[in-house]
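> Quick one, fold the following:
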Amino acid sequence: MADQREDRDDRQYSDDDLQDLVTSSDSGARAPTSRATAMLIAGTAMVWSLFQLWIAQPQLWFGAYLPVLNSSQTRPIHLMFAIFLAFLAYPAFKSSPRERIPLIDWGLALVGAFCAFYVFWFSDHLAMTARSGLPTQTQVIIGSVGLLVLLEASRRALGPALTVVGGLFLLYAWFGTGWLIPDLIEHEGLSFTSLINAQWLDTAGVFGIPLGVSTAFVFLFVLFGSLLDKAGAGNYFIQLAFGGAGASARWSCQAAVVGSAMTGLISGSSIANVVTTGTFTIPLMKRVGFSKEQAGAVEVASSVNGQIMPPVMGAAAFLMVEFIGISYLEVIKHAFIPAVISYIALVYIVHLEALKREMPALGQSKSFAGMIVKFLLGFAVAGIAFTALIYGVDALEAALPSLAAPVMMVVLGLLYLGLVWVAAKRPDLAMDDPSDEEIKLPTVGEVYATGLHYVLPIIVLVWFLMVERQSPAKSAFYATCLMLFIIVTQRPLKALFRGQGSQLSHEFGAGLHDLRDGLVAGARNMIGIGVATAAAGIIVATVTKTPIGTELAGLVEQLSGGILILMLIFVGLFSLILGMGLPTTANYIVVSSLMASVVVNLGAQEGLIVPLIAAHLFVFYFGIMADVTPPVGLASFAAAAVSGGDPIKTGFTAFFYSLRTVALPFLFIYNPALILYGIDLGTWFGIGQAVFIFVVATFAMLLFAAATQGYFLAPSKIHESAALLLVAFTLFVPGFWLNQLQSPFQSYAPAQFETAVAEANAGDTLRLKIEGPDFTSGEITETTLVMDIEGDGGAAERIDASGLLLFPEGDVVRLDEPMFGTSAAEKLGNFDFYSDTPVQISQVQAPRERITKYVFYIPALLLLGVVVLLQRRRQTVPAF
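The predicted structure is shown next:
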C-alpha cells in the first residue's frame, strides 16, 4: 500500500496529459489520425463559429439578399452543429478508439444533425402542424429519434447524470402514474405524440429558452474568451498575477487566486482554468510548504469561482436574464460584490494557511493589508478613469453627434497601435518553468506593458454592457470583432515596430493560424454547453407540462416544516447532490426550474421578501460547486492530476476552502443589500451605499474566513472562532438582532387598510398578509404581498394603481382576482379566487420608526476587540 501511495505521489503529468484531461471534459478527447477527418472536425467547428458571428451581427445588411433567421430557426442549427460534433469529438466509452471515428458514431452524428436540421428546414410547416397541435407521424418519428440521439450525445459529452435525469423526466411525463411515482406528483400522463410534440417539435422543450440562451449569448462569450486565450491574454494575466502577488504579498502562492480570478474573466471552464493556471501555481505552492491536496484545493477553489466573476460569467448567468426577465447588466450588478469579496477571502485563506505553517515567501515580503489597500486603490483609480471616459464621450457626442462614433473608432485604433508599439519594445512573454530549482517571479513592471492591448476588448465589452446598455449578444459581438482584428494584426504589427519587415508575411500567417485555432477552440468548447442546454430543456418542458414543479416544491416545503432556513439547506443539498453528475449550467436549470419560485413564496409566507434574483443566485452559487464536490468533482480531479495528490481528499479540502461560497447565498437571502438589491447606482447616495456595503461585507467575510480556518492573529480556540463567526454574522445581517428586539412593522386590522394606504407617503411600502385556498390543493395558505405606494392621490386611486380588487364586508376585506398584468396578479396567482372560501387580507403591516440596525455593529466590534486582545498575547508573527 505504501508503495502504491508513493507511486501515486511521484507521478508526473506531461503537458499532453493535462491537455488531454481538459479536452476530455471540455472539447472532446478524440484526436483522429486521419488528416481528412481531423480537418472535417476543425472545419465544422470553424463554420459553427462563423455562423454564430453571422447571426449575431446587428446591422442585418444582408437582409435584401439572404433571409434573416429568427430564433426558432437559429436554435436548431446551433443544436445541429453541437450534436454532430459531439459524436465526432467524444468517444462512446473510455475503451472506444480515439484515433478514429467508428461507423456507428458517423451514423449517430448524421442522424442527430438531420433531426435538428429538420426543425429548421420545415419550421414553417411545423408552425402549421405540430405547433398547432397536429403533428404528423413523420414528425413524431423524427422527434423521438432526435430525443434519443440527444440523450446519447449528452451522456458522451457530460457523463450519465443528465441523460438519466432527462430520461426519468421523459418517462414520468409519459406514464404519469405507476408504482415508482409517488401519489403527490401523479398525473394522467401525456400521450406519446403529445410528449414528442412538447419536447422536440415545439419551441418550449429542447428548442426552448436554455438552448436559445446558448445560441444567442453564451457562444459569443465562450468564443470571445477562446480568442483572447489564443492571442496570449491568458499567459499575460497569469504573469501579471505572479508579478502582483509575488512582489506585493508575503506569500507568493496567492498568485494562484489572483491568476485564476483574472483568467476567470476570459474562461468559462473551471477545469481549463485549473489546468491553465494550476500547471504553474500548484508547483509553486508545493515548493513553499503546501501539501499536494492543499495546493490543488486552493487552485480548485479559485478556479470554479471564475464562473461568478463579472463581466464574463458562466452560462447560467445568461440563463438568469431570460428566466427572471432582467438585463445582463442587472445580473452583473447583483453578482459583483459577492464575487469580489469571495476572491478576497480566498486570498486571505491562503495567507492564513501560510501563517499557520510559517511558510517562506518566494518574493519580497509585504503585508496582506497592504496588498488589499493596493487592490482597492487600483480599483478606485480604474473606476475614476472609466467615469472620466464616460464624461469625455458624452461631451464628444454633445459637440459632434454625427461624428462621435467614427472619432471613437479612430481613437480606439490609435490606442491599439500605441499599446502594440509599447508591447513590441519588450520581448514576448514566456512562462517560467515552476519546476526549476531557482524560481524568479516576474515583476509588474516587467509584465504589464507587454499585453495592455488585451484589455481593450474587455473595455469594449464592459462599455457596451454598462454604458451603452446594449444586449449581451450585441456587446459580445462588438468585443469579439475587435478581438478578431487584434489576433490577426498583433503579430505583424509587432514585427513592423521591431524592424523585422522580412517577417511580416510569416507573422501575418501566424496570426491567421491563431484566428483559426481560436474559432475552432471556441466551437469545440461549446459542444458540451450546447448539448447540456438542449437536454436540460427536457426538464423545463416536463415541469411546465406536468404538476411536478408545484408538487415537488410542496414536498420540500413539507419536509422543511415551512421554515425557510431549512428549505434553503434542502435546496442547497439538492444542488450539491445533482452537482455530483451535472455541470453548473444543467444543475442551475434543473434546480431553478423546480425551486427558485418556491424559495420566494415560502419567504413571503414567513414575512421575508426574497427577491427572485437572490433565489436564482442562491441556486447558481451552489451549482458552481458541481466541479468541486466529491466524488465526481472534475475540477478537483484535474487539480489532483497536476499536484499528484489524492482527488477525493483534494475535493474535500477545496470544499472546505469554498465555505465562503456556501455561506454567501444564505446571507444575501436574508440581507439582499449584499447583492445591491434596491440600491440605485445612478445616484451618489446609491454609490455611497454600495461602497459602504462592499467595505463592511469584505471585512465580515475576512472574519468568517479567519473563523473557519481557526487562525486570526494566532491559532484560535473554539470560543474565539465562535465569537468571530458571531461578529461576521452581525456585520452581514445586522437587522436580524434588531428584529428580535423590535418588530419592524406596525400592524393594522384589515378593515383599516384604506386608512393605512391614505396615511402612507409616496414611495412607502405596505405589507399585506393574504390568506385563502390554494388553487391546486384547496388548502388554506398564506403569503405576504408588498404594496408600493404610488402617487399623491387618495386611498382609492392608490389601491386601483396596485391592481387589487377589494370587497370590504365588515371586519373582513375579501379580494377578487387582481387586474391582469399587474404584479399583484402574478404574486397571487396560486390562490383560488373562485372557491367558496374567500381570499382575504388577514393583516396589514406598515413600517415603523426604529433605531438604526447599525447600532449592533458596536457590540460586534467590541467583541472583536476582546478576541484581538486575547490573541495578541499569543501572536508570534505579523498577521496582516
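> Residue 96: what secondary structure?
coil (DSSP: H, G, I helix; E, B strand; the rest coil).
> Got the phi and psi for the nearest residue to it once chain neighbours are set aside?
Residue nearest to residue 96 in three dimensions, not counting chain neighbours: residue 102, with 7.2 Å by Cβ to Cβ, 6 or more residues apart in numbering. In short, each C-beta sits where N, CA and C put it, glycine included. Listed backbone geometry of residue 102 is phi -60, psi 160, with angles given as degrees, to the nearest 10.
> what does residue 815 give?
In terms of degrees, to the nearest 10, the main-chain angles of residue 815 are phi -110, psi 140.
> Kindly tell me how buried it is, as a neighbour count.
22 (other Cβ atoms under 10 Å).
> My guess is it contacts residue 773. True?
No - because the distance of 11.9 Å does not satisfy Cβ atoms under 8 Å, residue 815 is recorded as not touching residue 773.
> Restrict stretch 170-190 to CA atoms and write it as CSV.
Provided in CSV are the C-alpha atoms of stretch 170-190 (Å, rounded to 0.1, in the frame of the first residue of the first chain):
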residue,chain,number,x,y,z
LEU,A,170,-39.5,11.8,-20.1
LEU,A,171,-40.8,8.6,-18.6
TYR,A,172,-42.6,10.5,-15.8
ALA,A,173,-44.2,12.9,-18.3
TRP,A,174,-45.3,9.9,-20.5
PHE,A,175,-46.7,7.5,-17.9
GLY,A,176,-47.7,9.9,-15.1
THR,A,177,-48.7,7.1,-12.7
GLY,A,178,-47.0,3.9,-11.6
TRP,A,179,-45.7,2.1,-8.6
LEU,A,180,-42.4,4.1,-8.7
ILE,A,181,-44.2,7.5,-8.9
PRO,A,182,-45.4,9.0,-5.6
ASP,A,183,-49.0,9.9,-5.3
LEU,A,184,-48.1,13.5,-4.7
ILE,A,185,-46.8,14.0,-8.2
GLU,A,186,-49.1,11.7,-10.1
HIS,A,187,-50.9,12.9,-13.3
GLU,A,188,-52.8,11.4,-16.2
GLY,A,189,-49.7,11.2,-18.4
LEU,A,190,-49.1,12.6,-21.8
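> quick one: pLDDT of residue 420?
Reported pLDDT at residue 420 in the predicted model: 93.
> Quick check: pLDDT value at residue 384.
82.
> what's the neighbour count on it?
10.
> State the distance from it to residue 377.
Distance, residue 384 to residue 377, using Cβ to Cβ, to the nearest Å: 11 Å.
> same check, this time on residue 704
As for residue 704, its distance to residue 377 is 24 Å (criterion: Cβ to Cβ).
> Which one's more surrounded, these two?
Neighbour count, other Cβ under 10 Å: between residue 704 and residue 377, residue 704 has more, with 25 against 10.
> tell me which element the more buried one falls in.
Taking DSSP states H and E as the definition, one finds residue 704 inside helix 684-709.
> Can you name every helix or strand that that helix contacts?
Taking 3 or more Cβ pairs under 8 Å, 6 or more residues apart in numbering; DSSP states H and E as the contact definition, the neighbouring helices and strands of helix 684-709 are helix 328-356, helix 659-670, helix 718-732.
> tell me which element residue 771 falls in.
Mapping residue 771 onto the secondary structure by DSSP H and E places it in strand 765-773.
> just residue 845 next, same as before
The secondary structure element spanning residue 845 is strand 839-847 (assigned by DSSP H and E).
> that older thread, which residues are in contact with both of residue 815 and residue 773?
residue 839 (Cβ atoms under 8 Å, 6 or more residues apart in numbering).
> separation between residue 403 and residue 305?
With distances taken as Cβ to Cβ, residue 403 is found 43 Å from residue 305.
> More neighbours: which of the two?
It is residue 305, of residue 403 and residue 305, that has more neighbours when counted by other Cβ under 10 Å, with 26 against 12.
> I figured that one was touching residue 661, is that so?
Yes - taking Cβ under 8 Å as the definition, residue 305 is a contact partner of residue 661 at 6.5 Å.
> what is in contact with the two at once?
What both residue 305 and residue 661 touch, as defined by Cβ under 8 Å, 6+ apart, is the set 342, 624.
> ok so, going back, and the helix holding residue 704, how far out from the chain middle?
Once both centres are worked out by Cα atoms, centre = their mean, to the nearest Å, helix 684-709 turns out to sit 21 Å from its chain's centre.
> picking that back up, out of the helices and strands packed on helix 684-709, which gets nearest to residue 584?
Smallest distance to residue 584 across those (Cβ to Cβ): 12.3 Å, for helix 659-670.
> So what touches the closest one?
When contacts are taken as Cβ under 8 Å, 6+ apart, the neighbours of helix 659-670 outside the stretch itself are 301, 305, 338, 341-342, 345-346, 349, 564-565, 568, 572, 599, 603, 608, 610, 614-615, 617-618, 621-622, 624-625, 674-675, 701, 704-705, 708, 732-733, 736.
> Buried ones in that helix, by neighbour count?
The neighbour-count criterion (16 or more other Cβ atoms under 10 Å) identifies 659, 660, 661, 663, 664, 665, 666, 667, 668, 669, 670 as the buried residues of helix 659-670.
> That one vs helix 328-356, what angle?
140 degrees (axes from the mean of the first three to the mean of the last three Cα atoms, to 10 degrees).
> got the CA positions of helix 659-670 in CSV?
Listed next in CSV are the C-alpha coordinates belonging to helix 659-670 (Å, rounded to 0.1, in the frame of the first residue of the first chain):
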residue,chain,number,x,y,z
LEU,A,659,-17.2,27.5,2.6
ARG,A,660,-17.3,31.2,1.9
THR,A,661,-19.1,30.5,-1.4
VAL,A,662,-21.5,28.2,0.5
ALA,A,663,-22.3,30.9,3.2
LEU,A,664,-22.8,33.9,0.9
PRO,A,665,-26.1,32.7,-0.6
PHE,A,666,-27.7,32.3,2.8
LEU,A,667,-26.5,35.8,3.7
PHE,A,668,-27.9,37.6,0.7
ILE,A,669,-31.2,35.8,1.0
TYR,A,670,-31.7,37.4,4.4
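> tell me the mean pLDDT for it?
84.
> ok so, going back, can you name the element that comes right after the strand holding residue 845?
Next along the chain from strand 839-847, counting by DSSP H and E, comes helix 857-872.
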